[in-house]
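Q: Got a sequence here, can you model it:
(one chain, ligands or ions: 2)
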Amino acid sequence: MSTAAANPEAFPLQGLTSDGWSNEEEASATCACGAVQMVIPLKAPGLLNTFVCHCSDCRKVSASMFATNFTSLDTHTRFTRGEDNLTVFSQNKTTATGGTMSNSFCKTCGTLMFRAGSVAPGTKFMRGGIIDDHRLHDTMLRPGVEIFSEHRAGWVKPVDGVEQAKGMGPFSK
Ligand SMILES: [Zn+2]
Ligand SMILES: [Zn+2]
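A: Residues are numbered from 1 along each chain as shown. Ligands and ions are numbered 1, 2, ... in the order given. This next block holds a predicted model:
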């Protein structure tokens, strides 16, 4: 297990979190204030996919122009602290399927930790930006596909070598 103190390049100063870690199988994911920390899988079967999403929902809920996400199985994703510090906002207006999408935020600092959809029970759409080990964004958690690429802001360039899908793309089935 590597720690923040041991590797400041992999774990730069980030919010109030200073106990991030990763190993070959799992990594920590922490909100900005540190109250909520989860452990996520870095390999199949727990890790299903990694993707960038340009949909209007991701823009709004992340207050950014796109979201970097990955899907993990609930059975392989756990809390080390702060599950009771989440607040959940759900709505069913913007998903293509009409299903309900629930957004789980840290009640203290507002960091969006994950989303969960009624169309995909047993999984979490995790937010890539909460992973404490920044190296993983270029390795195990590098995006595998970009979806809703037709909604991409004009100044955002496609990720090199990554499939550019319309709508839900490979996840539409
Ligand atoms: Zn927080
Ligand atoms: Zn989206």
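Q: got any ranges where the protein has weak pLDDT?
A: 1-6, 94-97, 173 (pLDDT under 70).
Q: go with 80
A: Applying pLDDT under 80 to the chain flags residues 1-8, 13-17, 93-98, 173.
Q: just so I have it, where are all the helices in it?
A: 56-62 (DSSP state H).
Q: what does it have sitting close to ligand 2?
A: 53, 55, 58 (CB under 5 Å from the ion). Yep, even glycine has a C-beta here, placed from its N, CA and C like the rest.
Q: so can I have CSV of those residues showing neighbour count?
A: Listed next are the residues of the chain next to ligand 2 as CSV, based on neighbours: other CB atoms under 10 Å:
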residue, neighbour count
53, 26
55, 20
58, 24
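Q: now, which of those residues sits nearest ligand 1?
A: Using CB to the ion, residue 58 is the member of the residues of the chain next to ligand 2 that lies nearest ligand 1, at 20.0 Å.
Q: so what's the closest one up against?
A: Residues near residue 58 by CB atoms under 8 Å, 6 or more residues apart in numbering: 66-67, 69, 148.
Q: Now the two most distant members of the residues you listed.
A: Greatest spatial distance in the contacts of residue 58: 69 and 148, 11.4 Å, computed using CB to CB.
Q: Show me the common contact partners of the two, please.
A: Joint contacts of residue 69 and residue 148 (CB under 8 Å, 6+ apart) are 53, 58.
Q: Which parts of the protein are strands?
A: 2-3, 21-22, 26-30, 37-41, 47-53, 67-73, 78-81, 86-91, 101-106, 112-117, 123-127, 145-147, 163-164 (DSSP state E).
Q: Can you list the strands that the last one pairs with?
A: To tie it back to what came earlier, the one meant is strand 163-164. strand 145-147 (parallel) (DSSP bridges).
Q: next one: the partner strand to chain centre, how far?
A: 14 Å (CA atoms, centre = their mean, to the nearest Å).
Q: which bits of the chain sit near ligand 1?
A: So far as CB under 5 Å from the ion goes, the chain lies against ligand 1 at 31, 33, 35, 106, 108-109.
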